[in-house]
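# all I have is the shape, not the residue letters:
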């Protein structure tokens, strides 16, 4: 920032001797553009345009937005995040390599519900009728 201010002061010093207003304006604009290009060059960025897909609609867009908002709030609360990660670390380490316990932990994190398979007695009862 100090270099930019110094550049602006240099522009003013260069323009003090110019008396014609049109020349002064033209010179001021060109010197200011040179100073801005030196300290804040224009950066062009390309944006990736993806084709639209039929399953992505406004409802999904709003759900993703609310998920990002909730995650942002969750990440801001450092104590909550630290407690949660400590809890998960303890859960995983307490499993001691037991695949069944680890699977249940992952299942609880992903909120996947397991469908219960019908028992043999309920199947045989419906077949006999």
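Nice, I can see it. It should be emphasised that the depicted structure is a prediction, and the values quoted were computed from it without experimental measurement. Numbers count the residues shown, from 1 in each chain.
# how's the chain carved up into domains?
The chain breaks down into these domains under automatic domain parsing: 2-39, 58-110.
# so which of these is nearest residue 49?
For the domains of the chain, the distance to residue 49 is smallest for domain 58-110, at 16.4 Å, taking Cβ to Cβ. Where C-beta positions appear, they are placed from N, C-alpha and C, glycine not excepted.
# nearest to residue 47, out of the domains of the chain?
domain 58-110 (17.5 Å).
# burial check on residue 44, number of neighbours?
If you count neighbours by other Cβ atoms under 10 Å, residue 44 ends up with 4.
# likewise for residue 39?
Residue 39: 13 surrounding residues under other Cβ under 10 Å.
# got it, and the one 4 residues further on?
Burial measure for residue 43: 5 neighbouring residues, criterion other Cβ under 10 Å.
# which element is residue 79 on?
Element membership for residue 79, per DSSP states H and E: helix 78-94.
# list the helices and strands that helix packs on?
Helices and strands touching helix 78-94, by 3 or more Cβ pairs under 8 Å, 6 or more residues apart in numbering; DSSP states H and E, are helix 58-76, helix 99-110.
# buried deepest among those, which one?
Of all the helices and strands packed on helix 78-94, helix 99-110 has the most neighbours on average by mean count of other Cβ atoms under 10 Å, namely a mean of 11.
# quick one: it to chain centroid distance?
On the basis of Cα atoms, centre = their mean, to the nearest Å, helix 99-110 sits 27 Å off its chain's mean C-alpha point.
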